[in-house]
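Predicted coordinates and the sequence they were generated for:
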Number of protein chains: 2
Amino acid sequence: MSSGRELFARDGPEAQMDEIAARAGVGIGTVYRHFPTKEALLTAMVRDRFQEFAEIATLAEDTIDPRYAVETVMRRSAEAVEGDVGFQLAMMGSNQLEWEGIEEQKAVLAAVVTRIIRRAVDAGAVRDDFTFEDFGMMMCGITSTMYYQPGSADWRRHLAIIVRGLCPPVRDAEPESV
Amino acid sequence: MSSGRELFARDGPEAQMDEIAARAGVGIGTVYRHFPTKEALLTAMVRDRFQEFAEIATLAEDTIDPRYAVETVMRRSAEAVEGDVGFQLAMMGSNQLEWEGIEEQKAVLAAVVTRIIRRAVDAGAVRDDFTFEDFGMMMCGITSTMYYQPGSADWRRHLAIIVRGLCPPVRDAEPESV
DNA sequence: TGACAAACGGAATCTTAGCTCCGTATGCTG
DNA sequence: CAGCATACGGAGCTAAGATTCCGTTTGTCA
């Protein structure tokens, strides 16, 4: 499956079964003996990857500063998908129906990240209505920069702007829009 | 071509030539007499749409408050792609090579939006390093919310967070990350 | 009305990629 | 070593969708 991962990283779901098999040095038949359909193979890879997200989040939880902990999960997660087109798509589309069978991994991730967010909220380090759903939304946005504008845009800058946007509103100092 | 637009809105580039022809009430041959390839048809539609962006931006330029002008271009542009899958992809991928032949439309858009941004920067209403490239990057992010997380996430909230993140840094009041 | 041109329709073709199937190779057991 | 089981390889099947091509229709001019 590691050869599948390499091609998935380069080509995304477009990666072709023939090539995956060839790269792995086996026949197509053998691939299909392990995974009944292409989709099953993709799902297996995505599931593995989501497990990594949970691990990343768990590590980030050690960060002392509450706000920096939030920023760290986001940055590390983004770094994890950098250069991996298939993974980028999985991250952006993780809320879509098309990925069945990764519910468990997502649940673990959600639990950890929710804790990190709650801590930041309680500390007044981020806007108090910030949620895990927002986290997914923002990660999707950051990832879209990598996927759709590789080279021409800098996702770290995108992240910086978002993190800044998560600060709690400061009355008076920053007037709301008209 | 309007039937093409409807299907493109619903299915994106996946829209099928047969169906486009059928919907338009003509034969496939006729479609191919107007557009040599499917790609040519898609490009023509995207070009039209980018023209709309330029118009939207031009209208937004009338907004008095400099920061609100920026927010308005973003919001109106996002509203323009709402419910139009093909257009969403075009917006996100506008910097990709795959869209040849829309350079002119993009140039007009860039000119207008750049003026709006400059005015906001000069007024100190947004961070002073905000550029047109950032604008494209952020729009891509907002659009990805619509495209990848329809129903489960709210792009207006995404926009609000980003607009907040574009504010110039306030020293002391908001400590930087560790 | 007849002859020619322009535009049309859609069946047939071509290509790509997922998947199946069967003959073969490998390995285990008595 | 013979017999059986398990796993393999990859040619070929099938479906889907873009594109082509030619017989037909429609429109124009004398």
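Thanks, I have it.

Which residue comes closest to A:Gly27 once chain neighbours are left out?
Take A:Gly27 and drop its neighbours on the chain: the residue closest to it by CB to CB, 6 or more residues apart in numbering or on different chains is A:Ala21, 6.0 Å away. Placement of C-beta: from N, CA and C, glycine included.

what about that neighbour, how many residues close to it?
18 (other CB atoms under 10 Å in any protein chain shown).

which secondary structure element contains it?
Per DSSP states H and E, A:Ala21 falls inside helix A:17-24.

List the buried residues in that helix.
A:Met17, A:Ile20, A:Ala21, A:Ala24 (16 or more other CB atoms under 10 Å in any protein chain shown).

just checking, A:Val108 touches A:Glu52?
No. Using CB atoms under 8 Å, A:Val108 makes no contact with A:Glu52, being 11.2 Å away.

what about the strands in chain A?
Secondary structure of chain A by DSSP state E: no strands are present.

residue in it nearest to DNA strand D?
In chain A, the residue that lies nearest DNA strand D is A:Gly29 (2.1 Å; CB to the nearest atom of the strand).

pLDDT score for the residue nearest to the spatial centre of chain A?
Centroid check for chain A by CA atoms, centre = their mean gives A:Met91 as the closest residue, at 4.1 Å. A:Met91 is assigned a pLDDT of 93 by the prediction.

ditto for A:Ile102
Here, the pLDDT recorded for A:Ile102 equals 85.

what does A:Met74 give?
At A:Met74, pLDDT is 98.

Give me the below-cutoff pLDDT ranges for chain A.
Low-confidence segments of chain A (pLDDT under 70): A:1-3, A:97-98, A:171-178.

residues in it within reach of DNA strand C, list them.
Within chain A, the positions near DNA strand C by CB under 7 Å from any atom of the strand are A:Ala15, A:Gln16, A:Met17, A:Asp18, A:Ile28, A:Gly29, A:Tyr32, A:Pro36, A:Thr37, A:Lys38, A:Glu39.

Turn those residues into a markdown table, including distance to A:Glu61.
As requested, the residues of chain A next to DNA strand C are exported to a markdown table (distance: CB to CB, whole Å):
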| residue | distance to A:Glu61 |
| --- | --- |
| A:Ala15 | 33 |
| A:Gln16 | 39 |
| A:Met17 | 39 |
| A:Asp18 | 42 |
| A:Ile28 | 43 |
| A:Gly29 | 44 |
| A:Tyr32 | 40 |
| A:Pro36 | 37 |
| A:Thr37 | 36 |
| A:Lys38 | 36 |
| A:Glu39 | 33 |
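
Which of those residues are buried? Put it as a PyMOL command.
In PyMOL, a selection of the buried entries from the residues of chain A next to DNA strand C looks like this (16+ other CB under 10 Å):
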select buried, chain A and resi 15+17+38
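
nearest to B:Glu103, of the residues of chain A next to DNA strand C?
A:Ala15 (31.3 Å; CB to CB).

Can you point out the buried residues in stretch A:39-53?
Judged by neighbour count using 16+ other CB under 10 Å, the buried positions of stretch A:39-53 are A:Leu41, A:Leu42, A:Thr43, A:Ala44, A:Met45, A:Val46, A:Arg47, A:Arg49, A:Phe50, A:Glu52, A:Phe53.

just checking, the fifth one touches A:Arg5?
It stands for A:Met45. Yes. Look at A:Met45 against A:Arg5 with CB under 8 Å: they come within range, at 5.8 Å.

residue boundaries of the helices in chain A?
Using DSSP state H, the helices of chain A run over residues A:2-11, A:17-24, A:28-34, A:38-60, A:66-81, A:85-92, A:103-122, A:132-148, A:155-165.

Show me what the fifth one packs onto, helices and strands only.
Other elements packing on helix A:66-81 under the criterion 3 or more CB pairs under 8 Å, 6 or more residues apart in numbering or on different chains; DSSP states H and E are helix A:38-60, helix A:85-92, helix A:103-122, helix A:132-148, helix A:155-165.

quick one, which of these is nearest to B:Gln149?
Short answer: helix A:132-148, nearest of the helices and strands packed on helix A:66-81 by CB to CB, at 6.2 Å.

any idea of the angle the closest one forms with helix A:38-60?
With axes from the mean of the first three to the mean of the last three CA atoms, to 10 degrees defining the directions, helix A:132-148 sits at 120 degrees from helix A:38-60.

pull the CA atoms of helix A:132-148 into PDB?
Extracted C-alpha coordinates of helix A:132-148, given in PDB (Å, rounded to 0.1, in the frame of the first residue of the first chain):
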ATOM      1  CA  PHE A 132     -14.400  22.300  16.100                       C
ATOM      2  CA  GLU A 133     -16.600  22.900  13.100                       C
ATOM      3  CA  ASP A 134     -14.800  26.200  12.600                       C
ATOM      4  CA  PHE A 135     -11.500  24.400  12.900                       C
ATOM      5  CA  GLY A 136     -12.500  22.000  10.100                       C
ATOM      6  CA  MET A 137     -13.700  25.000   8.000                       C
ATOM      7  CA  MET A 138     -10.500  26.900   8.400                       C
ATOM      8  CA  MET A 139      -8.300  23.900   7.700                       C
ATOM      9  CA  CYS A 140     -10.200  23.400   4.600                       C
ATOM     10  CA  GLY A 141      -9.500  26.900   3.600                       C
ATOM     11  CA  ILE A 142      -5.800  26.700   4.300                       C
ATOM     12  CA  THR A 143      -5.500  23.400   2.500                       C
ATOM     13  CA  SER A 144      -7.300  24.900  -0.500                       C
ATOM     14  CA  THR A 145      -4.400  27.400  -0.800                       C
ATOM     15  CA  MET A 146      -2.000  24.500  -1.100                       C
ATOM     16  CA  TYR A 147      -4.100  22.600  -3.500                       C
ATOM     17  CA  TYR A 148      -5.400  25.200  -5.800                       C
END
